[in-house]
Every structure is written in C-alpha cells, then in structure tokens.
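**Q** no sequence on this one, just coordinates:
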C-alpha cells in the first residue's frame, strides 16, 4: 500500500467530517464574536488552539469573567485527552522523524485521531510513512474548513437560525466513529465504564471527571482483555 | 468582555501552547522506543475510554435545552447507533444521523 493511496483514502474518509466541522466552526465564530472578541482573536483561537470543545469552554468562562489562570486551567483540562491520544498514536507514528511527529501533533483533533486509529487497527502492517499519509489525508479537508468556517461565523454573524440543533453534529460524528470500534468484549466494557464513570464523576470540577472516567475505562478494557486471553490459555 | 486585549491574547497563546504540548507529549518524547506490553494494552482502549464519556452528557443533558432530556437529540443518537450497527460505515452513519436529527427536529422539535 503506497503512501499516496493512503493519503487519498484519508482525504476521502475525512470529507464527511465537514458536515460537523463546518457548522461547529461557524458556531464558534458567532459565539466568540458575540462574547466580544475581535476577528483576529477569534481566528487566533481556531488556528492556535484548534480544539473546538476547549475553545467553547474558554469563551464560556471568559463570559463569566473567570480569572485568566482559571480559564486556562479549565480549558486545558478539556484537552488533557490529547495526551492520551498522543500516547495511543505513538506506537504507530513513533518511528517517524521528530519534525513529522511535531507536524502531526498540531493536526491532532478528535476526528483525525479517531479515524486514524480505526484505520491503524484495521491495517496494523501499514508502514509509519503510510500511516502518517493517511493522517495528513484526513486533516486535509478538516483543518482548512475549520479555519474558514470560524472566519465565516465571525464575519457573517448570526445568520444561522439559533433553533437548528447543530450542536448535536458532534455527538453524531463521535457515535459514527465509536460504534465500529466496539469489536470485542473489552472494548464494550471500556465504553460502558466511560459512560457510567462520566455520570458518577460529573460533580468533579473543571471537566476532570471525564479524565478519571477515561483512566478507569482504559484499566477496565485492559483488564478484560488480560482475563479473556488467560481464559483462552494464551 | 472585561479583559484587556493582552489578557485575551494570553489566554489564546497559553491555551494554544498548552494544547500543543499535550498533543506532542508522548508522540514527541517516546518516539519509536518500545513501550511495555501492559502500557500498550491500556492504550488500545484510549478511544473507547474517552469518546463515550465525552458525548454522554451532550446526549443526555444538552446545553441547548438547558440540560433537559430532549427527544429530538436522544432519538437522533439512538438512530445514529442503529445506522452504524447496520451499515458499519462512518460516512453513511454521519449522513444518516444528520438526516434523523433534522427529520426529528422538523417533525417534533
């Protein structure tokens, strides 16, 4: 499998995410502008932070006039999952030169990560170069449209009818990515622990409950895998 | 917005740099050094451990309805799961899920 065909496959697999990225970026542009940011600041968020959920948390807390350090702590907590994604991609992209890994790190968002890991697990024998090509392919439609949609939202303002349920584009994409990952009992156990955990730890401040739930879910998945392997006598 | 411009830029740059370092962390530091099997076994479950928890509150307590369970969003989530199990294809699932969401929105929303 050549790198260029993996790149093109990535682009093709990345295209449907535009249904999510475009409205999400536009809504961020509208919300941030209405909160009082100028165009350069709104674009600064989408280009430098490039993480919708954390950006919304930051804007929300700025509207509530939270101290700068609290805004930073709360929105960075939302992005702590990126360190988990980074660790999860390291076995696949680790052999590449540092500058390529540094570039891929900038493009790491929920959609690029989830689509890539789905592909890497289906085709583990792909070379690191081909895996990177696929990753860059997914990012190719997503990232420029994220910038452009943010700009359009900031510039055009609230032309989007506020009653439309576009906030829900995000859960739909994630469901489309998660369900195919539930291939084994261990994956199902991890997902269930994640769901129950996030509800139980909902009271933990700064979105740290999600991280506690995720760590427990990873342990539950790994432990289930270990026991299943033992039972099979391997 | 009550902040002077430099504070807004401090938030943007701080969040941007912090997010980037989180993304680079393991990918940059560990590189191709082999990780122990027990670490890899945990990492295999990263995606299914983070993403369901991330969206569960969005499905059950949407901000748009002030945290009230919403039949349109709940129905769209269940419809999306069903389409995914049926088609096993993320692209068709996203399109189908969006169709269910807007269908329910205009039918009962």
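**A** Ah, there it is. Note that the structure is a prediction, hence the values are computed from the model and not measured. Residues are numbered from 1 along each chain as shown, chains lettered A, B, ... in the order given.
**Q** what's near enough to touch the residue nearest the centre of chain A?
**A** Nearest to the geometric centre of chain A sits residue A:110, at 1.4 Å (C-alpha atoms, centre = their mean). Shown in contact with residue A:110 (C-beta atoms under 8 Å, 6 or more residues apart in numbering or on different chains): A:174, B:51, B:54. C-betas here are computed from N, CA, C, even on glycine.
**Q** Then residue A:88?
**A** A:113, A:117, B:43-44, B:46-47.
**Q** who wins for neighbours among these?
**A** For the contacts of residue A:88, neighbours were counted using other C-beta atoms under 10 Å in any protein chain shown, and residue B:47 has the most, 29 neighbours in all.
**Q** That residue and residue A:116 touch, don't they?
**A** No. Between residue B:47 and residue A:116 there is no contact under C-beta atoms under 8 Å: 9.9 Å.
**Q** Got the domain ranges for chain B?
**A** B:1-33, B:47-108 (automatic domain parsing).
**Q** Could I get these in CSV, plus columns for distance to chain A and mean pLDDT?
**A** Formatted as CSV, the domains of chain B follow (distance: least, C-beta to the nearest C-beta, whole Å; pLDDT from 0 to 100):
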stretch, distance to chain A, mean pLDDT
domain B:1-33, 3, 91
domain B:47-108, 3, 90
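**Q** Those: which one's closest to residue A:80?
**A** domain B:1-33 (6.4 Å; C-beta to C-beta).
**Q** what's around residue B:31, how many residues?
**A** 15.
**Q** Correct me if wrong: it contacts residue A:97.
**A** No. Counting by C-beta under 8 Å, residue B:31 sits too far from residue A:97 to count as a contact (9.3 Å).
**Q** List of residues touching stretch A:71-82?
**A** When contacts are defined by C-beta under 8 Å, 6+ apart, stretch A:71-82 is touched by residues A:51, A:53-55, A:57-58, A:61-62, A:66, A:108, A:206-208, A:210-211, A:214, B:11, B:14-15, B:18-19, B:22-23, B:25, B:50, B:54.
**Q** and residue B:16, what does it touch?
**A** Listed by C-beta under 8 Å, 6+ apart, the contact set of residue B:16 reads A:44, A:48-50.
**Q** among those residues, who's most crowded?
**A** Comparing those by number of neighbours (other C-beta under 10 Å), residue A:49 comes first, having 24 neighbours.
**Q** pLDDT score for it?
**A** We have a pLDDT of 96 for residue A:49.
**Q** Likewise for residue A:162?
**A** On the pLDDT scale, residue A:162 gets 68.
**Q** just to revisit the earlier point, which of the contacts of residue B:16 sits closest to residue B:37?
**A** Checking the contacts of residue B:16 against residue B:37 with C-beta to C-beta, the nearest one is residue A:50 at 33.0 Å.
**Q** re the thing from before, with the contacts of residue A:110 in mind, which one is nearest to residue B:107?
**A** Taking C-beta to C-beta as the measure, residue B:107 lies nearest residue A:174 of these, at 23.9 Å.
**Q** Residue B:48 is in contact with that closest one, correct?
**A** No. With contacts counted by C-beta under 8 Å, residue A:174 stays clear of residue B:48, the gap being 10.9 Å.
**Q** Compare these two (neighbour count), which wins?
**A** Neighbours were counted for residue A:174 and for residue B:48 using other C-beta under 10 Å; residue B:48 has more, 30 against 24.
**Q** Check the gap between residue A:2 and chain B for me.
**A** To chain B, residue A:2 is 22 Å away according to C-beta to the nearest C-beta, to the nearest Å.
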